[in-house]
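Colleague: no sequence on hand, only this structure:
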């Protein structure tokens, strides 16, 4: 019964959480760190938090939800929640470490993209941004997940291990 309760709690948690939770928690820091870097690099920059905008050398840079990488944090949370056998303590540790890795990479990405649009223009920005968006971000989250499962010696596969266990349990009960 302990396993079943754990599974129900994990599924309910996965259904309840939404990417917006991560957005509201991380938008300020994701904007503020590049703001500080740009000040250090001597750019004319203003932090307009209400409109989620940085004004850099006269260019408005609006931070939409995708800039904050909410889907990456959400995917990490779902991977952890849908993996059988990870206790609450390790789940929290894995999420915090994984989130820190995602956050650092995202702030580096955002800062680089700001510098690109200011110094190289919109064409280079679009090329680099789309490369990050479509290819590198998914690969990075996957690599973070691989790192975490190695670090915590996780042998189970998200969703599959629970399904396999439940099917085996049903077969035993039928006999």
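Modeller: Nice, I can see it. Quick caveat: nothing in here was measured; it's all calculated off a predicted structure. Numbers count the residues shown, from 1 in each chain.
Colleague: how about the helices in the protein?
Modeller: 2-16, 19-40, 70-81, 88-119, 122-131, 137-151, 160-174 (DSSP state H).
Colleague: and the shortest one, what does it pack against?
Modeller: The helices and strands touching helix 122-131, judged by 3 or more C-beta pairs under 8 Å, 6 or more residues apart in numbering; DSSP states H and E, are helix 88-119. No exception for glycine: its C-beta is placed from N, CA and C like everyone else's.
Colleague: of the helices of the chain, which stretch is the most buried?
Modeller: helix 70-81 (a mean of 21; mean count of other C-beta atoms under 10 Å).
Colleague: what residues does stretch 44-55 touch?
Modeller: Residues from elsewhere that reach stretch 44-55 (C-beta atoms under 8 Å, 6 or more residues apart in numbering): 27-28, 31-32, 34-35, 38-39, 56-58, 60-64, 114.
Colleague: as TSV, the helices of the chain with mean pLDDT would be great.
Modeller: Listed next are the helices of the chain as TSV, based on pLDDT from 0 to 100:
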stretch	mean pLDDT
helix 2-16	89
helix 19-40	93
helix 70-81	94
helix 88-119	96
helix 122-131	90
helix 137-151	94
helix 160-174	82
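Colleague: good, wrapping up.
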